[in-house]
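# Give me the fold of what follows.
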Amino acid sequence: MKLLTLIAMGAILSACGPEAPEAPEEDEAAAPDTPEVEPLAEGEEGFSIEIGGDDRMRFDVTEFTVEPGQHVTITFNNVGSMPKESMGHNLVVLKQGVDKLEFARDAQRHVRNEYVAPEREGDVIASTRVLGPGESATLVFRAPEETGDYDYVCSFPGHTEAGMVGVMTVE
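The predicted structure is shown next:
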């Protein structure tokens, strides 16, 4: 009986024709590009940090300070255990003055763009893809020359609003 049901469902789906679009493969997701950064110059000191994100929707590092123009490496780890579909995390470093709650609100419907609204990509300094439990990603970028505070967020739906935020201070 189950085999007949599966065959009937297959026939119904094939009858739908080209109007029923296929869902894109996960690797087709368009992640916002982080610009290539030249390697450290001889004698130049870079800044490196590891930041974890957990199932409580929190970063374990919520503030750090870098120098203007400094070479920055952030290794982001999803240290949670819940599935990516319900508790994925990314780390998005925003340009100065970007409203983090507005950015996150705009990102909610853009799962295929790693929860970054395409029209808001210009507000991003660097971002990771959405990570599942145990996954890591590394961001490498130059800190802005302008001193001040730059928010970083997890733009997975509801996470910024729940407090998964931090601040990179440039001074």
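# Every contact and neighbour count from this point should use C-alpha atoms.
Noted.
# since we're on Leu94, how many residues are nearby?
Counted with other CA atoms under 10 Å, the burial measure for Leu94 works out to 25 neighbours.
# Now do the same contact list for it.
By CA atoms under 8 Å, 6 or more residues apart in numbering, Leu94 lies in contact with Lys100, Asp123, Val124, Ile125, Ala126, Tyr150, Asp151, Tyr152, Val153.
# Drop anything exposed from those residues.
For the contacts of Leu94, a burial check counting by 16 or more other CA atoms under 10 Å picks out Lys100, Asp123, Val124, Ile125, Ala126, Tyr150, Asp151, Tyr152, Val153.
# can you name the two of those residues that are farthest apart?
Every pair in these was compared (CA to CA); the two farthest apart turn out to be Lys100 and Ala126, at 14.3 Å.
# which residues does Leu94 bridge with?
In this structure, Leu94 bridges to Val124 when assessed by DSSP bridges.
# mind listing what's buried in stretch 56-72?
By neighbour count, and taking 16+ other CA under 10 Å as the criterion, the buried residues in stretch 56-72 are Met57, Arg58, Phe59, Val66, Glu67, Pro68, Gly69, Gln70, His71, Val72.
# distance of the fifth one from Val92?
Read it as Glu67. Glu67 is 19 Å from Val92, where distance means CA to CA, to the nearest Å.
# My understanding was that Tyr152 contacts Val92; is that so?
Yes - taking contact to mean CA atoms under 8 Å, the distance of 5.3 Å between Tyr152 and Val92 places them in contact.
# Give me the number of neighbouring residues for Leu40.
By other CA under 10 Å, the burial measure for Leu40, its neighbour count, is 12.
# got the buried residues for stretch 128-137?
By neighbour count, and taking 16+ other CA under 10 Å as the criterion, the buried residues in stretch 128-137 are Thr128, Arg129, Val130, Leu131, Gly132, Pro133, Ser136, Ala137.
# Mind checking which of those land in helices?
Restricting the buried residues of stretch 128-137 to those inside helices, with DSSP state H as the criterion, leaves an empty set.
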